[in-house]
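>>> The sequence and its predicted three-dimensional model are supplied below.
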Amino acid sequence: MHPDFGVSIAGVDLNAVTAEAGYPEIRAAFEEHSVLLFPNQHLDDEAQLAFARLFGPLEDRIERPAPKIAPLSNRKEDGSVAATDDMKTLSLKANQLWHTDSTFLPVPALANVLQARTVTSTGGETEFASTRAGWQRLTSAQQDRARGAFLWHRFSHSRARIDPDLARQPEITKWKAECWRAVWPNPVNGAEAIYVASHAFAVEGMDQAEGAAFIDELIAAMTPPEAIYTHRWSPGDVLLWDERATLHRGLPWPYAEERTLVSICVTATPADGLATVSRDGGLPVWPAR
Ligand SMILES: [Fe+2]
């Protein structure tokens, strides 16, 4: 998909993948290539959840009896398309800032499994950059600085950059700030990657301005134009990415058109290197699903 990262995998029916058949090879490709595309899958919700569950516990920000697929859609309950200034649309626009998912949760995500259901006539692409490839472009002084840095993340920080009312919604403010190391080494192959997001608002031990400048500098260094893969969605595309080694963002679309993607995140576990990004080396607690 891009010379630095990402592979498209044809000829696999994700409905038929199990822990024994297919998953080991897909997991190895995930660790190596960071973004995997499976075109033309058209999975139903249960199949998408079952595929994601192979990678670890499913994330559920609402803590329902069972985790559910999260629709990323501007279509409202009554079937109409949300207005440009509707909270639903604003919330989707906030995903247009470079980020990796769930850095503001008590336990961050390992992966996202995202599928396109309804796509727009133009726009609405998802862009990716490899923070593992980006790491290699840093000077050794920059790498050393990042290795020693801990970033504070809060959901309302990224939402406030889009709209102050959005940032005040209870589903946004219910998450307190979390702190993670700015580098996440892959426990399988040892490759280091910058771990940063639009949710990052401060750096441990730096004053506000210095920290904000450091965060901006990291994101800019990871996302020069030549480092980006842009995915133009077709319905049924399934994208799986490694939250530890990538940044992504959505692109705008004509907001009068429906755009519906469906997502489920997988929560990181100790085997995914969680302790290496934890501030005190301990393991955060999150109900396993
Ligand atoms: Fe995202």
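Received, thanks. Residues are numbered from 1 along each chain as shown.
>>> For the rest of this, base every contact and every neighbour count on C-alpha atoms.
Fine.
>>> how about the helices in the protein?
Along the chain, counting by DSSP state H, helices occupy 23-33, 45-53, 87-94, 131-137, 140-147, 155-160, 164-167, 170-173, 208-222, 274-277.
>>> starting at the chain centroid, how far to the second one?
In this case it means helix 45-53. 17 Å (Cα atoms, centre = their mean, to the nearest Å).
>>> And it, what's buried?
For helix 45-53, a neighbour-count test (16 or more other Cα atoms under 10 Å) marks 45, 48-49, 51-53 as buried.
>>> same deal with the last one?
Within helix 274-277, the residues scored as buried using 16+ other Cα under 10 Å are 274-277.
>>> about what we covered before: closest one to D4 among the helices of the chain?
Smallest distance to D4 across the helices of the chain (Cα to Cα): 6.3 Å, for helix 131-137.
>>> So which bits of that closest one are buried?
By neighbour count on 16+ other Cα under 10 Å, the buried set for helix 131-137 is 131-135.
>>> got the angle between the lengthiest strand in the chain and helix 45-53?
The residue-count maximum for a strand in the chain (DSSP state E) belongs to strand 109-118. Angle of strand 109-118 versus helix 45-53, following axes from the mean of the first three to the mean of the last three Cα atoms, to 10 degrees, is 150 degrees.
>>> Dump the C-alpha coordinates for strand 109-118 into PDB.
Listed next in PDB are the C-alpha coordinates belonging to strand 109-118 (Å, rounded to 0.1, in the frame of the first residue of the first chain):
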ATOM      1  CA  ALA A 109      -6.000   0.000  22.000                       C
ATOM      2  CA  LEU A 110      -3.900  -2.500  20.100                       C
ATOM      3  CA  ALA A 111      -5.800  -2.400  16.900                       C
ATOM      4  CA  ASN A 112      -8.900  -1.200  15.100                       C
ATOM      5  CA  VAL A 113     -10.900  -3.300  12.600                       C
ATOM      6  CA  LEU A 114     -12.700  -0.700  10.400                       C
ATOM      7  CA  GLN A 115     -15.100  -1.600   7.600                       C
ATOM      8  CA  ALA A 116     -16.900   0.600   5.100                       C
ATOM      9  CA  ARG A 117     -20.600   0.200   4.700                       C
ATOM     10  CA  THR A 118     -21.700   3.400   2.900                       C
END
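>>> in its sheet, what does it sit against?
Strand pairing for strand 109-118, determined by DSSP bridges: strand 238-242 (antiparallel), strand 260-267 (antiparallel).
>>> out of those, which comes closest to T118?
Distance to T118, taken as Cα to Cα, is lowest for strand 260-267 among those, at 4.9 Å.
>>> In JSON lines: the buried residues of helix 45-53, plus pLDDT and distance to N112.
Shown next, in JSON lines, are these (pLDDT from 0 to 100; distance: Cα to Cα, whole Å):
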{"residue": "D45", "pLDDT": "97", "distance to N112": "14"}
{"residue": "Q48", "pLDDT": "98", "distance to N112": "11"}
{"residue": "L49", "pLDDT": "98", "distance to N112": "11"}
{"residue": "F51", "pLDDT": "98", "distance to N112": "11"}
{"residue": "A52", "pLDDT": "98", "distance to N112": "8"}
{"residue": "R53", "pLDDT": "98", "distance to N112": "11"}
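>>> can you redo the residues you listed as TSV with distance to N186?
Shown next, in TSV, are the buried residues of helix 45-53 (distance: Cα to Cα, whole Å):
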residue	distance to N186
D45	29
Q48	25
L49	24
F51	22
A52	19
R53	20
